[in-house]
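*Asks:* Let's see this in three dimensions:
(2 chains)
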Number of protein chains: 2
Amino acid sequence: MILVVGSVALDSVETPFGKAERVLGGSAVFFSAAASLFGPVGVVGVVGEDYPMGELDFLARRGADLAGIERRPGDSFFWAGRYSYDLNARETLETRLGVFAEFRPSIPDAFRQARFVFLGNIDPVLQLEVLGQVRSPELVVCDTMNYWIEGSRDELLRLLGSVDVLLVNDAEARELAGTPNLLQAARRIMELGPSYVVVKKGEHGAILYAEDWMFFAPGYPLEDVFDPTGAGDAFAGGFLGYLSGSDTLDREELRRAVMYGSAAGSYAVERFSVDRFRELTPLDVAHRVEEFREMTAFEHRLESAADV
Amino acid sequence: MILVVGSVALDSVETPFGKAERVLGGSAVFFSAAASLFGPVGVVGVVGEDYPMGELDFLARRGADLAGIERRPGDSFFWAGRYSYDLNARETLETRLGVFAEFRPSIPDAFRQARFVFLGNIDPVLQLEVLGQVRSPELVVCDTMNYWIEGSRDELLRLLGSVDVLLVNDAEARELAGTPNLLQAARRIMELGPSYVVVKKGEHGAILYAEDWMFFAPGYPLEDVFDPTGAGDAFAGGFLGYLSGSDTLDREELRRAVMYGSAAGSYAVERFSVDRFRELTPLDVAHRVEEFREMTAFEHRLESAADV
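*Replies:* Numbers count the residues shown, from 1 in each chain, chains lettered A, B, ... in the order given. Okay, the predicted model is just below:
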C-alpha cells in the first residue's frame, strides 16, 4: 500500500481554455488519482462539511481507501487561480484554508504498515508527525514548496534527514540549495538526507539525481496544456504507483518510475481537475511511456564514432 | 564539405567566473570549431584589419578552409556582453558591426559543391544570396534570431521555403510561429518549408521535430556553465559535423546528430570563446554522447506494464 498525506481541496480554475468551479483538487487527490491506477492507496487528509465526498467514489472503486479523510465542521480548503496564455505564470486569486488550517494528520492503523509514503506539500512539522506514525516504510517521498523553504527551513531540514526522495520543481530545488545550478543543487540536497532528488521542470520534463548517476525524462509534448494544476502531484502518483508494483527498487525500476511519473503528469494537464484520470487505464499510461522511449532512444557505437 | 556562412567576430565577455577581452567569437567560428572535429569545413565571413587571423590556425590545422574569410579595411565585428549569476540573462554592453555591416557573402568556387550548408544568424537576404551561389546541397540548416523575425519577416519566410532544417531557440520558435506551445510552433514552422525544426532550449536540451516523429536530447548536466556564448552555433557544428560523416541522413542518424549537437554545445560553455575545442577530439564528443545514452535509456515492456 501507498500512504499519501496531503490536501483534499476544492479548486476554481481559469485558463485560456475555460473555467472550472469548485472541482476536486489538492495534492492527495491528484496523487491518488494517478497512483490508484497501479495499486492500493491509503489517503489521509481533512475536508469540511461542504466537500462532495461522492465525487471521490471513482477513486474508492479503484482501490483508494478514503477512511483517512477526516470530515470536520467548517469549510474545505479552497483555492482559486488563473493561468495566463503561456500557462507558466499562475496567479492565485484566493486561498481559504478552512479546516485545513487545523489539520493534524492521524494515520489509521490499517495504513501504518504502508510500504510507500508520499508526504504531499504541507507544513514540514506535520510531515514529520506522519513519519512518527508509520512503521519502517521502504521509501518515503516528500514534496515541499517555497513557502516552507523560506518560513520553516529548520523543520524542513530535520524532515529531509528522514526522507528517501525529495520531489520538487526546479525553482524550489535552487532555492532550497541556494544555487542556480541544478546539478549542484541536487548534490547539496542529497547531502541533507535524501538518496534521490527528482526535479520536475514542467514542460521540460524531470531529472532524477542519485549519488553516482542521473536520469532525464522529457516532458510529454502536448498541443494544448489545458490546466497545469496538479501535474506535480500526479507525477508523484505515477512515480510511486509504478514502484508499488515492483519488488526491487533498483536503478532500472527507478528510471521507469520517473517515466511513469512524467506520463501521469502529462495526463493531469489535459483536462480540469482529475477528470482525465476517470477513464484512464494503466495500459494507457504504459503506452505513453512507450512513446517516451521512442522519443529518447538512440543507438550509438563509440568505436565507429571514433573513426571519423 | 560543410559550408558555413556567418559572423567572424571578437567578443569581450564577462561572467561570474571571469572576464575575456577580444577573444575569438562569431557564429561561423563557433560552428567551425565544433564541425571541423568531424570533417572538412569551408568558412565564409568577413573580418577587419584588426583580426588576429593567426588564432584561427588551430581550425585550419584541423581541416577548416579559411579562404572564404575576406579581410577588409576597417574593424572586425565586435560584441561585448555580460552574463548574470544565473547565466540565463545576457546583457549586451556593446555591438560594433564594423566591416560586417557591409558583408556580402561571396562563396569561393571550391565551396559551391558543399554537401551541407549552415547559414549562421545573419540577414535573411544574405542567407538567400548564399543559397543562390551553391549547387544542390543535400541539407541546408539555418539559424536566425528575434531581430530578423521581427524586422525581416517576409525575407525570412522566403528563405524558409529553401531550408531543410531550422535551428532556433525556444523563444525564437514561439515568436516566429506566434504561439507559446512549442509543438504547435514546430508544426507551423514546418508548414513554412523546413522538413525539420530543431529547438534549442539551453540547459533543458533540444528537441528535433519531424513531420511524424520527434526526438528529445537533454542538456548535459554541468556543474559550472562558464560562458554560454556560442553554445547554439557549436550545437549546429556538432549536428552537421556528425552528419557529414554519414552516408544516409535517415531518422537514426538525425537522432544521433542531435546528441552530437547537444554534446558540442555543452563543451562550448565550459570555457571562454572556442578554447574548449582546441584540444578536443571526436572521441571526447562521442564519450559525452555515450553519457547521454546512459542518462536517457530505459527498458520498457508494455505487456508487463499492463499486468499491474
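
*Asks:* measure the residue in the stretch 151-300 of chain A that chain B sits nearest to to residue A:163 for me?
*Replies:* For the stretch 151-300 of chain A, the residue closest to chain B is residue A:286, as judged by C-beta to the nearest C-beta, at 3.5 Å. C-beta: built from backbone N, CA, C; applies to glycine. Separation of residue A:286 from residue A:163 (C-beta to C-beta, to the nearest Å): 28 Å.

*Asks:* What helix or strand is the residue of the stretch 151-300 of chain A closest to chain B located in?
*Replies:* Using DSSP states H and E, residue A:286 maps to helix A:282-296.

*Asks:* quick one: the residue of the stretch 151-300 of chain A closest to chain B and residue A:293 touch, right?
*Replies:* No - between residue A:286 and residue A:293 there is no contact under C-beta atoms under 8 Å: 10.5 Å.

*Asks:* can you list residues touching both of these two?
*Replies:* Shared contacts of residue A:286 and residue A:293, defined by C-beta atoms under 8 Å, 6 or more residues apart in numbering or on different chains, are found at residue B:300.

*Asks:* okay, which residue is most central for chain A?
*Replies:* When C-alpha atoms, centre = their mean is applied to chain A, the residue found nearest the centroid is residue A:233 (2.5 Å).

*Asks:* Okay, and that one sits in which element?
*Replies:* Counting by DSSP H and E, the element that carries residue A:233 is helix A:231-244.

*Asks:* Sort out which residues of the helix or strand just after that helix are buried, please.
*Replies:* Reading on from helix A:231-244 to the C-terminus, the next helix or strand found by DSSP H and E is helix A:251-268. Within helix A:251-268, the residues scored as buried using 16 or more other C-beta atoms under 10 Å in any protein chain shown are A:254-268.

*Asks:* Kindly report the same for stretch A:127-140.
*Replies:* For stretch A:127-140, burial by neighbour count (16+ other C-beta under 10 Å) applies to A:127-131, A:133-134, A:137, A:139-140.

*Asks:* Give me the contacts around that stretch.
*Replies:* Applying C-beta under 8 Å, 6+ apart, the contact partners of stretch A:127-140 are A:3, A:5, A:44, A:104-107, A:111-117, A:119, A:142, A:155, A:158-159, A:162-165, A:240, A:243, A:249.

*Asks:* Of those residues, grab the buried ones for ChimeraX.
*Replies:* Selection of the buried residues among those in ChimeraX, burial being defined by 16+ other C-beta under 10 Å:
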select /A:3,5,44,105,107,111,114,115,116,117,119,142,155,158,159,163,164,165,240,243,249
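
*Asks:* where does the stretch 1-150 of chain A come near chain B, residue by residue?
*Replies:* Proximity of the stretch 1-150 of chain A to chain B, by C-beta under 8 Å from any C-beta of the partner chain, involves residues A:38-39, A:85-87.

*Asks:* and the two most separated of those?
*Replies:* Distances among the residues of the stretch 1-150 of chain A next to chain B were taken as C-beta to C-beta; the most separated pair is A:39 and A:85, at 38.0 Å.

*Asks:* who has more neighbours, those two?
*Replies:* For residue A:39 and residue A:85, the more surrounded residue by other C-beta atoms under 10 Å in any protein chain shown is residue A:39, and the numbers stand at 21 against 11.

*Asks:* how many neighbours does the residue lying closest to that one once chain neighbours are set aside have?
*Replies:* Spatially, and ignoring its direct neighbours in sequence, residue A:39 is nearest to residue A:244 (4.3 Å; C-beta to C-beta, 6 or more residues apart in numbering or on different chains). Residues near residue A:244, counting by other C-beta under 10 Å, number 21.

*Asks:* go on, the one 4 residues further on?
*Replies:* Counted with other C-beta under 10 Å, residues neighbouring residue A:248 total 8.
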